[in-house]
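Colleague: build me a model:
(2 chains)
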Amino acid sequence: MAYIMIVDDDEDFASATAKALTDAGHEVRVVLETRGVIDKMMERPPALVILDVMFPEDPSAGFELARNIKQHDEKLENIPILMLTAINARFPLGFGPGDIDKCWLPVMDFLDKPVDLNVLTGKVSQLLRKGEAGAADLS
Amino acid sequence: MTAGPYPQTATYTLEMPETGRGEAGKAPAVPGAAFPRALLVENVRWFCHLRWIIIASFTVFGLLGIFPGIHSLMGLHPQVAWPLTVALVLAAANIAFFLHARFLVSRTDGPAAEANLWVQIIFDLVVLTFVIYRVGSLETFVPFAYLFHIVLACIFFSRVKSLMVTGAAALLYLTSVSLEQAGLVSPAGIHANIMLRDLMRNMPEVYLFNIGVAVLAWVIVWHLTSHLSGMVLERDNALARTNRRLVESREEKARHMLRTTHELKAPFAAIDANVQLLLEGHCGVLSHDAFDVLRRISTRARRLAAEIQEMLQLANLQDPTEQMLAWEKLDLGAVVDWCLGQVQWVAGKRSVVIEQEVHSVFAIGVEDHLRMLIGNVLSNAVFYSRCGGRVSVSCRSAAGGAGEVVIEDEGIGIPAEKLPHIFDEYYRTDEAVRHNRQSTGLGLAIVRHVAQTHGIGVRVESRPGLGTRFILRFRSPEESRMPESP
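Modeller: Model (predicted):
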């Protein structure tokens, strides 16, 4: 079981995802806007963040938040981020798994919406294992 | 936002976009005014290179004068001292101008580059006046050499500035011939026979007519050249403005596409996720009928989401400004690997086994578009395979260094008479609809567009009921002409 934070402005999608992850045995917190996310993470660092890309006020707020999470504090530096977006990585605007870069886009993986909830829970378990292995290497 | 007229009231004024009409209302382009600094510096250097040719000509002419017989053969007085002196002075000045131009490259000072050009022009006009005096200001055609400077000034400077150069040339020439006519400087000339000069000196009407015609010719050339140069530059500026608007519009369209995709797909993602919760039993056990209805909703929602995305992709591909995308040298093997990663899950779910033999082969293309092309063919192979079927994918180098991707399935196949239609938008065979109700009929239309813009050969071989093979033949990087960037 792990504590997971979902940051997504689509409440219907976020709550459905949260339900699936809760049923898979995780503890999930849903945040519907990017403002204040870092403070909430500092209060209790999650084991994984599931992050949307586009928010109503800023179409790339998710990217910005991913960078801020990595740069804000050592406590948050190694938290894996899974980017979940309705913009398919095949869309000819150029971001996808090939763009994962430690500085520009510090996320561990992408999934496209709509997403199969079984694929999502599988990916979450995989990233949590990777995150644990990374933390063990660092310690 | 700015503070408004009332306390605690914020105001905001919507900015009006620049329109074609607004652009047309602007003052016409001023010739020479639009030259960027880099181009000015380039012009300074070009002048210097051109001057070395003149210096070489004077040096050769002066050295030939050492041998009296050669100049005499052309009916000239032997000329040695002044051509070599002019060559020496020009060479010294040219080195100074060139060094200054090199210094300008590392600076962002536009006026300094223009000042350098002006000093060069004035210097050249003075030297040219001396040369004309020495060669013969009345009895030869050499005064027309001023036209070189007048034409160049018309190209590089505004009309007013080029008129100033024309005026300076006329002033220097008239001063020179007047001084000669008044006897304040001794008459010169390279012609051995001085009868022609004496004739002109003694006939003022011939003298006045000749210099009048020369100056009039310069003014006419200035007028025509500066007018034409102005027209060309104005069209050039208009073209640059249109191109800028086109690029801005494309960027705006890309942002709009991104936002539209998100806004249209996000609701379906939410519906789909919630339906999945019900179907997977997260909210309790459903009756068989309820389960069936939900499955239909899920299938339809997914199909609509896929259709929205493919419609947007197709619209994007059909846009002529798509040529302005980033073309690059790509590893087709990496693109195929990426596409395989995208279909693995669906293949696993349908128990379709994918056999792959992927090698590194290079081609020129737009990465996202090639991903769309190969991804669509590959996902078709998986979707139209039967449960437990086999799909084989190979990417290898063919003859002439061209890349070849072959995707083969053992699925439902396509009847021969329907093959010519499979790349049409929204076309789906009855067999395909029966096998896969989620098909949109747009995937192969996307394949056609990408293949046509990239010059990729697509060959389809199919046997109904037994399977289909797509052979994609890419041009080698040497065969491909990479489209120019905007």
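Colleague: all contacts plus neighbour counts: C-alpha atoms, from now on.
Modeller: Fine.
Colleague: average model confidence for the helix or strand containing residue B:258?
Modeller: In the assignment (DSSP states H and E), residue B:258 maps to helix B:204-279. Averaged across helix B:204-279, the pLDDT comes to 85.
Colleague: phi, psi of residue 55?
Modeller: No chain specified, so I'll use chain A. Main-chain torsions, residue A:55, degrees, to the nearest 10: phi -120, psi 160.
Colleague: please enumerate the strands of the stretch 51-200 of chain B.
Modeller: In the stretch 51-200 of chain B, no strands are found when defined by DSSP state E, counting those that start in this stretch.
Colleague: ok, which stretches of it are helices?
Modeller: If DSSP state H, counting those that start in this stretch is used as the criterion, the helices of the stretch 51-200 of chain B fall at B:68-73, B:81-105, B:110-135, B:146-156, B:159-181, B:195-202.
Colleague: how about TSV for those helices, with mean neighbour count and distance to chain A added?
Modeller: Below are the helices of the stretch 51-200 of chain B laid out as TSV (neighbours: other CA atoms under 10 Å in any protein chain shown; distance: least, CA to the nearest CA, whole Å):
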stretch	mean neighbour count	distance to chain A
helix B:68-73	14	72
helix B:81-105	17	33
helix B:110-135	18	36
helix B:146-156	21	41
helix B:159-181	18	46
helix B:195-202	14	76
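Colleague: select from those the stretch with the lowest mean pLDDT.
Modeller: Of all the helices of the stretch 51-200 of chain B, the segment with the smallest mean pLDDT is helix B:195-202, scoring a mean of 70.
Colleague: gap between the residue most central in space within chain A and chain B?
Modeller: Geometric centre of chain A, nearest residue: residue A:50, 2.4 Å, by CA atoms, centre = their mean. To chain B, residue A:50 is 15 Å away according to CA to the nearest CA, to the nearest Å.
Colleague: related to what we said a few turns ago, which strands and helices lie in contact with the helix holding residue B:258?
Modeller: Under the contact definition 3 or more CA pairs under 8 Å, 6 or more residues apart in numbering or on different chains; DSSP states H and E, helix B:204-279 sits against helix A:11-23, helix B:146-156, helix B:159-181, helix B:195-202, helix B:288-318.
Colleague: mind checking which of those is nearest residue B:119?
Modeller: Of all those, helix B:159-181 sits nearest to residue B:119, with 11.6 Å by CA to CA.
Colleague: alpha carbons of that closest one, in PDB - could you do that?
Modeller: Output of helix B:159-181 as PDB, limited to C-alpha atoms (Å, rounded to 0.1, in the frame of the first residue of the first chain):
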ATOM      1  CA  ARG B 159      16.100  56.900 -52.200                       C
ATOM      2  CA  VAL B 160      17.200  60.100 -50.500                       C
ATOM      3  CA  LYS B 161      20.600  58.600 -49.600                       C
ATOM      4  CA  SER B 162      21.200  57.200 -53.100                       C
ATOM      5  CA  LEU B 163      20.300  60.600 -54.500                       C
ATOM      6  CA  MET B 164      22.900  62.100 -52.200                       C
ATOM      7  CA  VAL B 165      25.500  59.700 -53.700                       C
ATOM      8  CA  THR B 166      24.400  60.700 -57.200                       C
ATOM      9  CA  GLY B 167      24.700  64.400 -56.200                       C
ATOM     10  CA  ALA B 168      28.200  63.800 -54.700                       C
ATOM     11  CA  ALA B 169      29.300  62.100 -57.900                       C
ATOM     12  CA  ALA B 170      28.000  64.900 -60.100                       C
ATOM     13  CA  LEU B 171      29.600  67.600 -57.800                       C
ATOM     14  CA  LEU B 172      33.000  65.900 -57.800                       C
ATOM     15  CA  TYR B 173      32.900  65.400 -61.600                       C
ATOM     16  CA  LEU B 174      31.800  69.000 -62.300                       C
ATOM     17  CA  THR B 175      34.400  70.300 -59.900                       C
ATOM     18  CA  SER B 176      37.100  68.300 -61.600                       C
ATOM     19  CA  VAL B 177      36.200  69.300 -65.200                       C
ATOM     20  CA  SER B 178      35.700  72.900 -64.100                       C
ATOM     21  CA  LEU B 179      39.200  73.100 -62.500                       C
ATOM     22  CA  GLU B 180      40.600  71.700 -65.700                       C
ATOM     23  CA  GLN B 181      38.600  74.000 -67.900                       C
END
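Colleague: what lies in contact with that helix?
Modeller: Outside helix B:159-181, the residues that touch it by CA atoms under 8 Å, 6 or more residues apart in numbering or on different chains are B:30-31, B:125-126, B:129, B:133, B:137-138, B:143, B:146, B:149-150, B:153-154, B:185-187, B:201, B:211, B:215, B:218-219, B:222, B:226-227, B:230.
Colleague: tell me the secondary structure for residue B:461?
Modeller: Of the three states, residue B:461 takes strand under DSSP: H, G, I helix; E, B strand; the rest coil.
Colleague: in contact with the nearest residue to it once chain neighbours are set aside, which residues?
Modeller: Distances taken as CA to CA, 6 or more residues apart in numbering or on different chains put residue B:469 closest to residue B:461, at 5.1 Å, once the chain neighbours are dropped. When contacts are counted by CA under 8 Å, 6+ apart, residue B:469 is found next to B:406, B:407, B:408, B:409, B:460, B:461, B:462.
Colleague: dihedrals phi and psi, residue B:469?
Modeller: Torsion angles, degrees, to the nearest 10, at residue B:469: phi -130, psi 130.
Colleague: thinking again about what came up before, so the residue nearest to the centre of chain A: helix, strand or coil?
Modeller: Judged by three-state DSSP, the three-state class of residue A:50 is strand.
Colleague: can you map out the helices along chain A?
Modeller: Under the criterion DSSP state H, helices of chain A are mapped to A:11-23, A:37-43, A:61-72, A:74-77, A:117-138.
Colleague: and among these, the most buried is which?
Modeller: helix A:11-23 (a mean of 20; mean count of other CA atoms under 10 Å in any protein chain shown).
Colleague: which residues does the lowest-mean-pLDDT helix or strand in chain A contact?
Modeller: The helix or strand of chain A with the poorest confidence is helix A:117-138; it has a mean of 81 (mean pLDDT, DSSP states H and E). Residues outside helix A:117-138 that contact it (CA under 8 Å, 6+ apart) are A:17, A:20-21, A:24, A:47-48, A:78-80, A:82, A:108, A:111, B:273, B:276.
Colleague: in these, find the pair that's most separated.
Modeller: Maximum distance among the contacts of helix A:117-138 (CA to CA): 31.3 Å, for A:78 and B:276.
Colleague: picking that back up, report the angle between the helix holding residue B:258 and helix B:159-181.
Modeller: With axes from the mean of the first three to the mean of the last three CA atoms, to 10 degrees defining the directions, helix B:204-279 sits at 160 degrees from helix B:159-181.
Colleague: can I get the helices of chain A in JSON lines with distance to residue B:83?
Modeller: As requested, the helices of chain A are exported to JSON lines (distance: least, CA to CA, whole Å):
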{"stretch": "helix A:11-23", "distance to residue B:83": "87"}
{"stretch": "helix A:37-43", "distance to residue B:83": "80"}
{"stretch": "helix A:61-72", "distance to residue B:83": "70"}
{"stretch": "helix A:74-77", "distance to residue B:83": "76"}
{"stretch": "helix A:117-138", "distance to residue B:83": "80"}
